[in-house]
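> When you get a sec, could you give me coordinates for this:
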Amino acid sequence: MTDIQEIKKFGIEILKKRKSNEDDESKIMFFGLAGSHSFNLNVETSDNDYFGVYATDIDEVLSNDINNSIIDGHTPEDYVIFEVSYFLELLNKGNPKLIEPVFSNRFCYKSPQWESLMKFKKSFITKSVIFHYISYSKSQMGDATKIIFNNSQTEQTEDQKTLLLNMINSNHNYHKKLYHTYRLLLETKRMLTNKEPVVFLEGEEREKIMNIRMGKEDISTVLKEISQLFKECKELEENLKDDQLPESLDIKILNEWLIQVRKQSYIKKEAEFPTVKYTDADFEINDIKNYNLLKVYNHFQSLLEKHNLQGSKILMINKSGSTSHNLVAQDEIDNLDKSEDWIGVYVAPTEKLFSLYPPPRRIDSNTPISTVSKIEEPEDSSNQRDTYYSGHQLFELGYFINLLSSGNHRAIECIYGAELGDTLETKIWKEIKGLDINYLTVNLMHHCWGISKGLIEKIQKNQDHFPLSEKRKLLYHAQRLINRAEEILNKSQYTVYLDEDDNKEERDLLLTIKNSQDFDSAQLNSLLNSCSNKIKSVGEEIQKLQKISAKDKKNNEINIKSSLKQSLIKVRKSMIKIVI
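Here you go, the predicted structure:
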């Protein structure tokens, strides 16, 4: 299959089979022959390998639901297709298999968007690319690497030569490995001399490498040539001028291109399937009469400004922690201003979702301001476990939905918490909160049970090290959460606010653990045993349900995300400032 239209058709067919629904607008951006066929080094028995890049449907981007970063298969022929954002991540790392398609000009379909990126392809050759090409060259030779690429001595000893030839002669794949190594080093040398890599080889270079592949070249001679190529590459690399090659790829080029790709996808789909959007008024929080709430709202606004998130909208602010549970003792009330916990949910400008510089998933006073992309720093520093954190926390809507679907108790308490006047909500949040979704799944029950179990184990492992105050704090949280797990199990309900009358027994016990002046080690050990027994009992009941498999939990998570997906997409599209 060498006709470009046939190649394009094959790529589209693969993508079509993976589409989630009829409205899915995922598009092939690049698709072509890879491997030996693309290098013009194929033999009669060579398989057809294909490489591609696609842009997923814009709704999947807006709903944080890119499920197929890689689409691969082996029937009828081998293929791998990367989602464009993941492709850019690997391209930045300098992976040779990702660099080569950028410079491929034969047997491949290129969309206009792909062609616009190719205008910058010369800048993709960086020191990082050189490093990866050399590393990949070494990896091809396996155990022979130490001998071939040993710079410490100019001549190989007879014993080394014998060992090396025995290794090669005992493995029929070594002719293939030799030709790959030779080709990679040849391209490395080419790039180090300010030239672009050549994908489709012709003339003497092709003849030489084909002879190596077919076993027509003397192995000892080939090994010497590989060693010499490696030596030349290392010398060229060491003598590079500072301005000859950049250290790494310019992320801003990739970022601007990706944003345009996403915007064009949005414009095209919106023209075909227009969306009813929220109005500006639906995002507003007006007339905040409670001074304490106003202070929290202003604090969250200042956090958004600090993190360069102008244009973001706060959708909800809710009390969290002991005040929301009605577990504040009388002697704590005077210090509430300093110790209250608050949770907020914000939605970032949608263009941030299109970008390689996504908004932080969680912001608090200690969240560092990020100036790097997710390519440069894939791990979001705000992505630590959101189980217990005191103070004020602001979650991005997409991430908050992930917390809801996974059964995070702090997120779900914002849904089931009693209306006590200490909440700010937009019309949008009220709609989301009012959706008919059951969050009291086995995920939440297992989450509460697991956190409780972990806290008790932490006390038991540190009995001689933790002060009594720390043990009491851990026991307090463990006891409350195992009570919630038991409540879901037995009553299918979740109590956030413990009423002085209706929940007196539980409330008194938790306040005793938390605040009693007369609490001693004997009481702690007694309650510790009681809590441990309840954890064991609830755990056994959960197991009896036979619904705690990873598959069932994943299905619960998918169901909740699916129920919230259209709301999230509608919010995202309502935040886009593009005129169609």
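
> Least confident secondary structure element in the chain?
Between all helices and strands in the chain, the lowest mean by mean pLDDT, DSSP states H and E belongs to helix 145-148, at a mean of 55.

> Quick one: the strands in the stretch 201-350 of the chain, in order.
For the stretch 201-350 of the chain, applying DSSP state E, counting those that start in this stretch gives strands covering 313-320, 341-347.

> Name the residues that touch the first one?
Around strand 313-320, the neighbours that count as contacts under C-beta atoms under 8 Å, 6 or more residues apart in numbering are 283, 285, 293, 296-297, 300-301, 304, 324, 340-347, 393-394, 397, 410, 413-414, 417, 420, 422-426, 428-429, 432, 571, 575. Placement of C-beta: from N, CA and C, glycine included.

> Can you select the buried ones among these for me in ChimeraX?
With 16 or more other C-beta atoms under 10 Å as the burial test, the buried ones among the contacts of strand 313-320 are selected in ChimeraX as follows:
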select :283,285,293,296,297,300,301,304,324,340,341,342,343,344,345,346,347,393,394,397,410,413,414,417,422,423,424,425,426,428,429,432,571,575
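
> could you dump the strands of the stretch 201-350 of the chain to CSV with distance to residue 60 and mean pLDDT?
Below are these laid out as CSV (distance: least, C-beta to C-beta, whole Å; pLDDT from 0 to 100):
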stretch, distance to residue 60, mean pLDDT
strand 313-320, 22, 95
strand 341-347, 18, 95
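
> List just the one of these that sits closest to residue 260.
Set against residue 260 and scored by C-beta to C-beta, these come closest in strand 341-347, at 22.3 Å.

> Please export the alpha-carbon coordinates of the closest one; PDB is fine.
C-alpha atoms of strand 341-347 as PDB (Å, rounded to 0.1, in the frame of the first residue of the first chain):
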ATOM      1  CA  ASP A 341     -11.500  24.700  56.300                       C
ATOM      2  CA  TRP A 342     -13.100  25.700  53.000                       C
ATOM      3  CA  ILE A 343     -13.400  24.000  49.600                       C
ATOM      4  CA  GLY A 344     -14.100  25.800  46.400                       C
ATOM      5  CA  VAL A 345     -14.600  24.700  42.800                       C
ATOM      6  CA  TYR A 346     -13.500  26.900  39.900                       C
ATOM      7  CA  VAL A 347     -13.600  26.500  36.200                       C
END
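
> Let the chain start at 32 from now.
Right, with 32 as the first residue, what we last looked at is strand 372-378.

> next structured bit after that strand?
Proceeding N to C from strand 372-378, the next assigned helix or strand is helix 381-385, under DSSP states H and E.

> contact partners of that following helix?
Here helix 381-385 has contacts from 92-93, 95, 289-290, 293-294, 340, 389-390, 429, 603-604, 606-608, using C-beta under 8 Å, 6+ apart.

> Filter the residues you listed down to just the buried residues.
For the contacts of helix 381-385, a burial check counting by 16+ other C-beta under 10 Å picks out 92-93, 95, 289-290, 293-294, 340, 389-390, 429, 603-604, 606-607.

> Please name whichever of those residues scores lowest on pLDDT.
Lowest in pLDDT among the buried ones among the contacts of helix 381-385 is residue 95, which has 83.

> ok, back up a step: tabulate the strands of the stretch 232-381 of the chain (TSV), appending distance to residue 104.
Output for the strands of the stretch 232-381 of the chain, formatted as TSV (distance: least, C-beta to C-beta, whole Å):
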stretch	distance to residue 104
strand 344-351	41
strand 372-378	37
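
> Tell me which of the ones you listed lies nearest to residue 515.
The nearest among those, by C-beta to C-beta, is strand 344-351 at 14.6 Å.

> Could you figure out how far the closest one is turned away from strand 372-378?
Strand 344-351 runs at 160 degrees relative to strand 372-378, counting by axes from the mean of the first three to the mean of the last three C-alpha atoms, to 10 degrees.

> Quick one: distance of stretch 246-266 to the chain centre.
41 Å (C-alpha atoms, centre = their mean, to the nearest Å).

> How about stretch 329-339?
Taking mean C-alpha positions (C-alpha atoms, centre = their mean), stretch 329-339 and its chain are 24 Å apart.

> contact partners of it?
Contacts for stretch 329-339 (C-beta under 8 Å, 6+ apart): 341, 343, 345, 348, 375, 377, 390-391, 394-396, 398, 400-401, 423, 425.

> ok, so of those, who is nearest residue 484?
Set against residue 484, the nearest of the contacts of stretch 329-339 by C-beta to C-beta is residue 395 (26.5 Å).

> close enough to count as contact, the closest one and residue 375?
No. If you go by C-beta atoms under 8 Å, residue 395 and residue 375 don't touch, sitting 10.2 Å apart.

> low-scoring stretches of this protein, by residue?
Along the chain, segments meeting pLDDT under 70 span 32-33, 51, 173-204, 361-370, 401-421, 449-452, 577-580, 609-611.

> Can you spell out the domain ranges of it, please?
Using automatic domain parsing, the domain parsing of the chain gives 35-152+280-292, 159-269, 307-467+596-605, 474-576.

> Reformat those into TSV and put distance to residue 585 next to each item.
TSV is the format used below for those (distance: least, C-beta to C-beta, whole Å):
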stretch	distance to residue 585
domain 35-152+280-292	12
domain 159-269	35
domain 307-467+596-605	10
domain 474-576	9
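
> Indicate which one of those is closest to residue 587.
Nearest to residue 587 among the domains of the chain is domain 474-576; the distance by C-beta to C-beta comes to 4.9 Å.

> Would you work out how far apart the start and end of the closest one are?
Its first and final residues considered, domain 474-576 spans 13 Å by C-alpha to C-alpha, to the nearest Å.

> ok so, going back, of the buried ones among the contacts of helix 381-385, which belong to helices?
Among these, DSSP state H puts 92, 93, 289, 290, 293, 294, 429, 603, 604 in helices.

> Out of these, which is nearest to residue 44?
When these are ranked by distance to residue 44 (C-beta to C-beta), residue 92 comes first, at 22.8 Å.

> Provide a list of residues in contact with that closest one.
Here residue 92 is in contact with 293, 296, 384, 385 (C-beta under 8 Å, 6+ apart).

> The nearest residue to the second one once chain neighbours are set aside and residue 502, how far apart?
Same thing as residue 296. Nearest residue to residue 296, sequence neighbours excluded (C-beta to C-beta, 6 or more residues apart in numbering): residue 89, at 4.3 Å. Look at residue 89 and residue 502: by C-beta to C-beta, to the nearest Å, they are 51 Å apart.

> the more surrounded of the two?
Taking other C-beta atoms under 10 Å, residue 89 and residue 502 do not tie; residue 89 has more neighbours (28 against 21).

> Touching, the more buried one and residue 55? I think so.
No. Taking contacts as C-beta under 8 Å, residue 89 lies outside contact range of residue 55: 10.0 Å.

> returning to what we had before: for residue 171, find the nearest of the strands of the stretch 232-381 of the chain.
strand 372-378 (48.1 Å).

> Pull up the pairing partners for the closest one, direction included.
Next to strand 372-378 in the sheet, as set by DSSP bridges, lie strand 344-351 (antiparallel), strand 423-427 (parallel).

> now the last one, how far from the centre of its chain.
In this view, strand 423-427 has its centroid 19 Å away from the chain centroid, taken as C-alpha atoms, centre = their mean.
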